[in-house]
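Give me coordinates for this.
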Amino acid sequence: MLYDLLQDKEFSVILTNHANDIISYLLEKGEEFAIIVDITNVDFSPKLPPEFKLPEFTKFLLVNYTFESAKLEKGVLTFEAGFGKENFGSVVSVPLESILQILIDDTPIFINLTASLQPKHKPKSSMEALMSNPENAHLLKRFNK
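So this is what the prediction gives:
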């Protein structure tokens with residue numbers, strides 16, 4: 001039941017709109033915050049050098065200059081951030097649907113459980129389901145003899 005709800009596109013849109021409203025409010029009020037994002041769809045401009053390997057779920061602190069540079073437009077939160085000891089600068093663009101949490105003082109004020117879920121593929125037939133596992137290829141050879 002819960003998994004089906006989290007896979008529902010309409011529910012995902014509701015959560016994305018809620019994230020938009022919260023971030024808009026925080027930016028308007030001048031309230032610094034942090035986000036935890038699934039970086040799969042996050043864009044960095046310029047691209048981060050190869051030595052900066054970010055974990056799949058990364059926390060960004062929107063404080064000081066990073067907060068001041070933050071903009072929310074067309075479903076994307078954009079801000080400037082520095083990385084590593086050299087403070088390598090990059091503009092980070094985060095689609096709202098990639099935000100897992102919004103935090104203030106390390107306390108989550110928003111959680112989006114749909115952000116890290118991939119849509120579930122439903123096989124069209126039992127044969128497709130069987131053949132979707134490469135280890136079952138030998139079964140097809142048996143049936144064709």
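
So for stretch 18-37, what gets flagged as buried?
Residues of stretch 18-37 classed as buried by neighbour count (16 or more other CB atoms under 10 Å): 19, 22-23, 26-27, 32-37. Backbone N, C-alpha and C define where each C-beta goes, glycine included.

Low-confidence bits of this protein, can you list those?
Applying pLDDT under 70 to the chain flags residues 116-145.

quick one: the helices in it?
With helices called from DSSP state H, the chain shows them at 2-7, 9-29, 64-68, 126-131, 137-143.

The ones you listed: which one's closest to V94?
Relative to V94, the nearest member of these by CB to CB is helix 9-29, separated by 9.8 Å.

ok, and the closest non-adjacent residue to S24?
Nearest residue to S24, sequence neighbours excluded (CB to CB, 6 or more residues apart in numbering): L72, at 5.9 Å.

Would you enumerate the residues in contact with that neighbour?
Neighbour list for L72: 20, 23-24, 27, 78 [criterion: CB atoms under 8 Å, 6 or more residues apart in numbering].

could the buried residues of stretch 18-37 go into TSV alongside distance to Q101?
Output for these, formatted as TSV (distance: CB to CB, whole Å):
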residue	distance to Q101
A19	10
I22	11
I23	12
L26	13
L27	17
E32	15
F33	10
A34	8
I35	7
I36	4
V37	9
